[in-house]
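Trainee: Any chance you could fold what I've pasted below:
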Amino acid sequence: MTSFLDYDQYDGIGLAKLIKDGDISSIELCEEAIRRAENLNPRLNAIVTRMYDFAREQAKNPKIDVPFSGVPFLLKDVHHAVKGFAMSSGSALLKNYVPDYDAEIVSRFKNAGLIILGKTNTPEFKLAYVTEPQAFGPTRNPWNLEYSCGGSSGGSAAAVAAGIVPFASATDEGGSIRVPASCCGLFGLKPSRGRNPVGPNFDEEWDGMSHSHVITRSVRDSAAMLDSISGFEYGAPYGIFNKERPFIEEVNMEPGNLKVAFHMRPVYGKDVHPECKKAVEHTCTLLEDLGHIVEEAPPNYQEVDAALNYFIIIIGNEAALVDRLIQDYGSSKVRSNLELPNIALYSIGKQMKALNFVKAKRRWRQLGVIMDQMLNTYDMVLTPTLGEPPVLVGSQQPGNKDLFSMKLISSFVGKMILSSRKVTYSILEELIQNSMKGQMPFTLIANITGQPAMSVPLYWSKNGLPCGVQFIGRYGEEAKLLKLAGQLEKAQPWSEKKPNIFSEMKTDSSL
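Mentor: Numbering: from 1, shown residues only. Predicted coordinates for the structure are as follows:
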């Protein structure tokens, strides 16, 4: 077939309409997406599992009368299991693990008509805000290949930003939808806890912090996907069902005059990067021009406190995960195949007491009350999505000092060191500070509270790198976020901004 060079001019809804109107076939779209993937992925490393023959079979007989009939799609290689295809979770240990079931959300993606092309890169067990697993190597940012695409849904974001697919699946446990959306100039909505399915085998992972949705170029694609995949899931520990009308209808509705609080205070003694401050300042001006009220008002908690109680729960869940893997594969194989940071977290988690875990969960509840109270005064809270612009690939890897500490913690001596609660907390606080490095302090609160949050691409740095801004809304009020996002998209369209990789696809006559 001849190349469909205008493919990247359409979002998912637009591509579905082309198919419905008979302007192009599902198999032609599928082949165009595969062509782009084959050309771009060697540079990006966004796709780690190819499912092209599977996609071609789907595309021959796409579902009809569904929202995204015949539209190409990619799945994050964690949680979103497809029967008969490997799901590594970014780990060398699990490269050959093949689920014998479809995750509930994958079944809903299929029922929406999506054509699944493959699985995207993610850090091991999604525990990083850059996508650089040892098992597969780093995924690079389409805006500048020397920079990170963010994480943990970095492979999905890179593929969307590069125009391989109009959207891709993603998960968010501390910012993993919003962080890569920010780094790659995309729209990323983390729904409220319980809005989208997470099962059957991940229903309580990370104690309700794990949310699944998509990363998109357009707001309407995110809204329409939410309509397609949200709703009751049997056996799920959480559920939210309030919905006045289809989310896709909210995108074109006026949000009214909103009252928005913003803040960008320093965290861990490090100020927000000037470019990320400019992103928020630019957004505040745009909001005021649109008739909204904007006030500087930091919430009544400290990010350091939130991060500590967040990571206590993370580490407890990580310890339980690695313990299960040891039962399945044996200690020697697990220790020789997992990345050192995850072995270190397992070692810390084993030594932590149930008391610490319960106290952290109770602090979560208090943090939820604090955010609820703030959002009784304000409609939304605005922050930078990240504390700094996209970072260079490789710059966030542990240094020699960190590696030595991790090895010590993971050794027999480490068990004695970690027997002291004071020492354990000191090590934990250092690990948290080193792991964040200015990147994640603003996103994780919405995972703790379960509130919806979105990263919106409204600003690019002087170096041409995207710097998203985050809006946090009231629990269950995705509709209000989508109304505002639709208004911002109309006021300052971002889909027209594309990395140079797009133009390469149009000018390379060999393709």
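Trainee: my guess is Ala170 meets Ser210, correct?
Mentor: No - taking CB atoms under 8 Å as the definition, Ala170 is not a contact partner of Ser210, at 11.3 Å. In short, each C-beta sits where N, CA and C put it, glycine included.
Trainee: What segments of the stretch 351-500 of the chain are strands?
Mentor: Listed in chain order, the strands of the stretch 351-500 of the chain (DSSP state E, counting those that start in this stretch) span 380-384, 453-456, 469-473.
Trainee: So for the first one, mean pLDDT?
Mentor: Predicted confidence along strand 380-384 averages 98 (mean pLDDT).
Trainee: Looking at Ala170 and Ser210 now, which is surrounded by more residues?
Mentor: Legend: neighbour count by other CB atoms under 10 Å for Ala170 and Ser210, higher for Ala170 (36 against 22).
Trainee: Skipping its backbone neighbours, what lies nearest the more buried one in space?
Mentor: Here the nearest residue to Ala170 in space, its sequence neighbours aside, is Ser153; by CB to CB, 6 or more residues apart in numbering that works out to 3.5 Å.
Trainee: Which pLDDT value belongs to the spatially most central residue of the chain?
Mentor: Closest residue to the average C-alpha location of the chain: Ile177 at 1.9 Å, with CA atoms, centre = their mean. For Ile177, the pLDDT comes out at 98.
Trainee: Quick check: closest non-adjacent residue to Asp305.
Mentor: Counting by CB to CB, 6+ apart, the residue nearest Asp305 is Arg363, at 7.5 Å.
Trainee: To clarify, my last question referred to Gly14.
Mentor: Pro166 (7.9 Å).
Trainee: Distance-wise, check the residue nearest to Asp305 relative to Cys183.
Mentor: In this view, Arg363 and Cys183 are 30 Å apart by CB to CB, to the nearest Å.
Trainee: just Thr424 next, same as before
Mentor: Distance of Thr424 to Cys183, computed by CB to CB: 32 Å.
Trainee: and if you look at Gly256?
Mentor: The spacing between Gly256 and Cys183, counted by CB to CB, is 31 Å.
Trainee: Please identify which of those two sits among more neighbours.
Mentor: Cys183 (36 against 12).
Trainee: thought that one was touching Asn141?
Mentor: Yes - counting by CB under 8 Å, Cys183 sits close enough to Asn141 to count as a contact (6.1 Å).
Trainee: Now for these two: what residues contact both?
Mentor: Listed contacts common to Cys183 and Asn141 are Tyr147, Ser148, Cys149, Gly150, Pro390, Leu465; contacts here mean CB atoms under 8 Å, 6 or more residues apart in numbering.
Trainee: Next, format these as a markdown table and append neighbour count and distance to Ile417.
Mentor: Listed next are the shared contacts of Cys183 and Asn141 as a markdown table, based on neighbours: other CB atoms under 10 Å; distance: CB to CB, whole Å:
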| residue | neighbour count | distance to Ile417 |
| --- | --- | --- |
| Tyr147 | 21 | 36 |
| Ser148 | 29 | 32 |
| Cys149 | 33 | 36 |
| Gly150 | 35 | 33 |
| Pro390 | 27 | 35 |
| Leu465 | 21 | 40 |
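Trainee: Could you export these as a markdown table, including distance to Ser88 and pLDDT?
Mentor: As requested, these are exported to a markdown table (distance: CB to CB, whole Å; pLDDT from 0 to 100):
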| residue | distance to Ser88 | pLDDT |
| --- | --- | --- |
| Tyr147 | 24 | 98 |
| Ser148 | 20 | 97 |
| Cys149 | 18 | 98 |
| Gly150 | 19 | 96 |
| Pro390 | 24 | 96 |
| Leu465 | 29 | 98 |
